[in-house]
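Chemist: can't give you the sequence, but here's the structure:
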């Protein structure tokens, strides 16, 4: 029995959030491999039709979490499907004879954490589960590159000329809402930055949340499970202090625009030249402003599948595990972008890149 569970008799649940490609799945994999005897159940909410994150975690071979303990919700952002998907999933999990010691929930990179946290106050869940803490993972390299950061001096100068300027986009608001919901912020991928860049990221992240949660640094999602699990916050009792932009503007009677996101799956055959294919993907991503690309590739002559993860123009690739005997080999990629992305053009370009 975990210390957190012993303290109040409830199963602790850790919510791990963060924007696209921040490293949430990698961090969860590290948790599973260093769970210190705890049995962990995972609820994974992916944006898109291909369960890449769940597949990665099912292949990690950690004793702390069997395939039966990994539950995938792929019907949309969990923040919009709480009643339809999350509540029934939690109910079934709690009805199991062999219940978990800890629940870890990975939200979609496009999800607001606040509605999910509020769902833990539903009577049949509140009596059984508590939110041990919300962990927001930040892609430090992306922030340093300005993907979520404004040139504040320039904005200030523009504001001096135009009192009506609204410089924050809905994507930036989503990033800030994820920070505001956090009990712990993990600045991931710090190995890609020098000390000056890291100092900038710390300042930028701190400036984008009204609250001041603890902030730690990490590379490759390597943070001890002892640090991430057992925070004992009970976050569901503090949701009034973690309101999103949308909630605050709704209370003020203001209209609020949302960015809409599209995703689709591209299925291909073998990739004979993976290095050349990845270089072409970088060009496609830049030309069409693709937010996220992830999936697996079938490389001829290789017994293992090639995992491809792209955030902006930065692409990581590595062979993660062998193809299972019963598994159909193939290349399957999820592409995520804003609703005005030309999906047909992106698909055609990827097909031509093989």
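Modeler: Cool, got the structure. Given the structure is predicted, the values throughout are model-derived calculations rather than measurements.
Chemist: list the helices and strands the helix or strand where residue 286 lies packs on?
Modeler: In this structure, residue 286 sits in helix 274-288 according to DSSP states H and E. Where contact means 3 or more C-beta pairs under 8 Å, 6 or more residues apart in numbering; DSSP states H and E, helix 274-288 is packed against strand 292-297, strand 304-311, strand 314-322, helix 343-352. Glycine gets a C-beta too; all of them are placed from N, C-alpha and C.
Chemist: distance from the chain centre to it, please.
Modeler: 23 Å (C-alpha atoms, centre = their mean, to the nearest Å).
Chemist: buried ones in it?
Modeler: Within helix 274-288, the residues that count as buried by 16 or more other C-beta atoms under 10 Å are 274, 277-278, 281, 284-285, 288.
Chemist: tilt between that helix and strand 314-322?
Modeler: 140 degrees (axes from the mean of the first three to the mean of the last three C-alpha atoms, to 10 degrees).
Chemist: check the average confidence over helix 274-288, would you?
Modeler: The average pLDDT within helix 274-288 is 92.
Chemist: cool, and stretch 295-309?
Modeler: 92.
Chemist: now do the contacts for the spatially most central residue of the chain.
Modeler: Centroid check for the chain by C-alpha atoms, centre = their mean gives residue 109 as the closest residue, at 3.8 Å. Neighbouring residues of residue 109 by C-beta atoms under 8 Å, 6 or more residues apart in numbering: 18-22, 24, 47, 292.
Chemist: am I right that it is in a strand?
Modeler: No: using DSSP: H, G, I helix; E, B strand; the rest coil, the assignment for residue 109 is coil, not a strand.
Chemist: got phi/psi on it?
Modeler: Dihedral pair for residue 109: phi -70, psi -10, per degrees, to the nearest 10.
Chemist: now the helices and strands packed on helix 274-288 in CSV, with distance to residue 145?
Modeler: Shown next, in CSV, are those (distance: least, C-beta to C-beta, whole Å):
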stretch, distance to residue 145
strand 292-297, 15
strand 304-311, 10
strand 314-322, 9
helix 343-352, 22
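Chemist: residue 215 is nearest to which of the ones you listed?
Modeler: Comparing the helices and strands packed on helix 274-288 against residue 215 with C-beta to C-beta, the closest turns out to be strand 304-311 (20.5 Å).
Chemist: can you give me the buried ones in the closest one?
Modeler: Neighbour-count burial for strand 304-311 flags 305-311 (criterion: 16+ other C-beta under 10 Å).
Chemist: please report how far residue 134 lies from residue 140.
Modeler: For residue 134, the distance to residue 140 (C-beta to C-beta, to the nearest Å) stands at 19 Å.
Chemist: helices along the stretch 151-300 of the chain, start to end?
Modeler: 152-161, 170-180, 195-207, 225-228, 245-251, 274-288 (DSSP state H, counting those that start in this stretch).
Chemist: pick the most deeply packed of those.
Modeler: Most buried of these by mean neighbour count (mean count of other C-beta atoms under 10 Å) is helix 170-180; its value is a mean of 22.
Chemist: that one - contacts with which helices or strands?
Modeler: Under the contact definition 3+ C-beta pairs under 8 Å, 6+ apart, helix 170-180 sits against helix 113-119, strand 129-139, helix 245-251.
Chemist: filter the contacts of residue 109 down to the ones in helices?
Modeler: Among these, the members found in helices (DSSP state H) are residue 24.
Chemist: okay if I get the contacts of residue 109 as CSV plus distance to residue 238, neighbour count and pLDDT?
Modeler: Shown next, in CSV, are these (distance: C-beta to C-beta, whole Å; neighbours: other C-beta atoms under 10 Å; pLDDT from 0 to 100):
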residue, distance to residue 238, neighbour count, pLDDT
18, 19, 26, 89
19, 22, 25, 83
20, 26, 23, 76
21, 28, 26, 79
22, 23, 27, 88
24, 22, 25, 89
47, 27, 22, 53
292, 30, 22, 80
